[in-house]
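>>> my questions concern the predicted model and sequence given below.
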Amino acid sequence: MRITVLAGGVGAARFLRGLRAAAPDADITVIGNTGDDFAPFGLHVSPDLDTVMYTLGGGISEEQGWGRDGESHAVLGELAAYGAGPGWFGLGDKDIATHILRTQLLAAGQPLSAVTRRLCERWQPGVTLLPMSDDPVRTHVTVELDGREQDLHFQEWWVRLHAAVPARRIEAVGAARARPAPGVLAAIGDADFVLFPPSNPVVSIGVILAVPGIADAVQAKTVVGVSPIIGGAPVRGMADACLTAIGVETSAIAVAAHYGSGLLDGWLVDDQDKDAVDAPELAGLAVRSRPLYMTSVATAAEIARAAVELALEVRR
Ligand code: GDP
Ligand code: CA
């Protein structure tokens, strides 16, 4: 069985760990969001690719859900002693090694897809991890701050401002000219089905789908998604602020309706959102409810198993 998954960070990584357990023989390709990438201190950081790589490779900080386990922060401490920022972005010493190597290989002319492959040689994530594109795509958030409209890099809005300042617009800058990375369209085309893990519908899945060619390729396949929204709120993070910015209500029904029945074939919601199962807005979609909290690898595997079963059931 070939399964292709579009992935953001923490929600995706935990789901994928469950999927690997639920479908140990499946050939899984993960297409990761790179709209969150940025370059503190000139280091190329790919937060979503790294979260997936560390989680599946056994090097994640379980408490944070991102970054390395057993971290120290000597480098950032030394930089702070020089008064060098940004101080709001956490970068542990072990994590910095990943970013140094990525930056070095990119500077030597390797595309991000090749660099990601190189980093995964160490972590052996048990999936093929591809960036959505080798071309730069940067998610920008337009806010009103200090009395004027400002265009912020996604990380500045999300991490520094905790998405507490309302977003007027969210834009994947560069997406329109970006090309899918080598292997991306083939992985979608060759898949038995595509899964959307519980990832941010706007700045993770939405940004991946904004790369020309990806949405059309996905649309041609059977697609099953897992709701990142339970009981009208994100499970963690501030996805509600992103949904509000694009005019979508923070509910399991509204997120599925936003993707639409042209894209999605099946949708898993939490038992709290059972009303989605026969919601008229979701006519034409197979909706199932079940517990959707990924509290352990075992519960994530149960969710992944349900997603696979639903995909096989609705497969066209
Ligand atoms: P990020 O890049 O780290 O923000 O990660 P993602 O794009 O993967 O999005 C995280 C999304 O996963 C958020 O919208 C959360 O609400 C959702 N999420 C996190 N943990 C869980 C969980 O246990 N169950 C479900 N259903 N969603 C979750
Ligand atoms: Ca992210």
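Looks like it arrived, so ask away. Ligands and ions are numbered 1, 2, ... in the order given.
>>> all strands for the protein, in order.
Under the criterion DSSP state E, strands of the chain are mapped to 2-7, 27-32, 128-131, 138-145, 148-153, 167-173, 193-196, 223-226, 229-230, 233-234, 266-270, 286-290.
>>> and the angle for the second one with strand 2-7?
Direction vectors for strand 27-32 and strand 2-7, defined by axes from the mean of the first three to the mean of the last three C-alpha atoms, to 10 degrees, enclose an angle of 20 degrees.
>>> can strand 27-32 be found next to ligand 1?
No: using C-beta under 6 Å from any ligand atom, we find that strand 27-32 stays clear of ligand 1, coming within 9.7 Å at best. The C-beta positions use only the backbone N, C-alpha and C, and glycine is treated the same way.
>>> list the buried ones in that strand?
Within strand 27-32, the residues that count as buried by 16 or more other C-beta atoms under 10 Å are 28, 29, 30, 31, 32.
>>> nearest to ligand 1, of those?
For the buried residues of strand 27-32, the closest approach to ligand 1 (C-beta to the nearest ligand atom) belongs to residue 32, at 9.7 Å.
>>> isn't that closest one up against residue 131?
Yes: with contacts counted by C-beta atoms under 8 Å, residue 32 reaches residue 131, the gap being 5.5 Å.
>>> residues shared between the contacts of the two?
By C-beta atoms under 8 Å, 6 or more residues apart in numbering, residue 32 and residue 131 have these common neighbours: 46, 49, 116.
>>> quick one: contacts for the closest residue to the second one other than its chain neighbours?
The shortest distance from residue 49 to any residue that is not its chain neighbour, by C-beta to C-beta, 6 or more residues apart in numbering, is 4.5 Å, and that residue is residue 32. Residues in contact with residue 32 (C-beta under 8 Å, 6+ apart) are 7-8, 12, 46, 48-49, 52, 116, 129-132, 208.
>>> 6 Å instead?
7, 48, 49, 52, 131 (C-beta atoms under 6 Å, 6 or more residues apart in numbering).
>>> what's the pLDDT at the fourth one?
If I follow you right, that is residue 52. Predicted confidence (pLDDT) at residue 52: the value is 98.
>>> contacting residues around the residue lying closest to it once chain neighbours are set aside?
Nearest residue to residue 52, sequence neighbours excluded (C-beta to C-beta, 6+ apart): residue 13, at 4.7 Å. Each residue near residue 13 by C-beta under 6 Å, 6+ apart is listed here: 51, 52, 55.
>>> nearest to residue 236, of those residues?
Using C-beta to C-beta, residue 51 comes nearest to residue 236 of the contacts of residue 13, at 12.5 Å.
>>> span of stretch 149-167 from start to end?
With C-alpha to C-alpha, to the nearest Å as the measure, stretch 149-167 spans 10 Å from end to end.
>>> how about residues contacting that stretch?
Residues outside stretch 149-167 that contact it (C-beta under 6 Å, 6+ apart): 36, 38, 88, 89, 139, 140, 141, 142, 143, 238, 241, 245.
>>> one more pass at 7 Å, please.
With contact meaning C-beta atoms under 7 Å, 6 or more residues apart in numbering, stretch 149-167 is reached by 35-36, 38, 88-89, 138-143, 145, 203, 238, 241, 245.
>>> most neighbours, which of these?
Of all those, residue 203 has the most neighbours under the rule other C-beta atoms under 10 Å, reaching 31 neighbours.
>>> who's in contact with residue 270?
Contacts for residue 270 were tallied using C-beta under 7 Å, 6+ apart; they are 227, 230, 231, 252, 289, 291, 292.
>>> surely residue 242 meets residue 170?
Yes: Residue 242 lies in contact with residue 170 (C-beta atoms under 7 Å); the separation is 6.3 Å.
>>> quick one: the residue of the stretch 101-250 of the chain found nearest ligand 2 from ligand 1, how far?
Of all residues in the stretch 101-250 of the chain, residue 204 sits closest to ligand 2, at 5.5 Å by C-beta to the ion. Noted for residue 204: a distance of 3 Å to ligand 1, by C-beta to the nearest ligand atom, to the nearest Å.
>>> ok, the closest residue to that residue other than its chain neighbours - how many residues close by?
Leaving aside its sequence neighbours, residue 204 sits nearest to residue 8 (C-beta to C-beta, 6+ apart; 2.6 Å). Using other C-beta under 10 Å, the number of residues around residue 8 comes to 32.
>>> make 141 the first number, not 1, from now on.
Sure, I'll start numbering at 141, so the last one becomes residue 148.
>>> and the pLDDT at residue 148?
Taking residue 148 on its own, its pLDDT is 98.
>>> which residues touch it?
If you count contacts by C-beta under 7 Å, 6+ apart, residue 148 has them with 173, 188, 339, 340, 344, 345.
>>> up against ligand 1, what does the stretch 241-390 of the chain have?
Counting by C-beta under 6 Å from any ligand atom, the stretch 241-390 of the chain sits next to ligand 1 at 338-340, 344, 366-368, 370, 374-377, 379.
>>> out of these, which end up buried?
338, 339, 340, 344, 366, 367, 368, 370, 374, 375, 377, 379.
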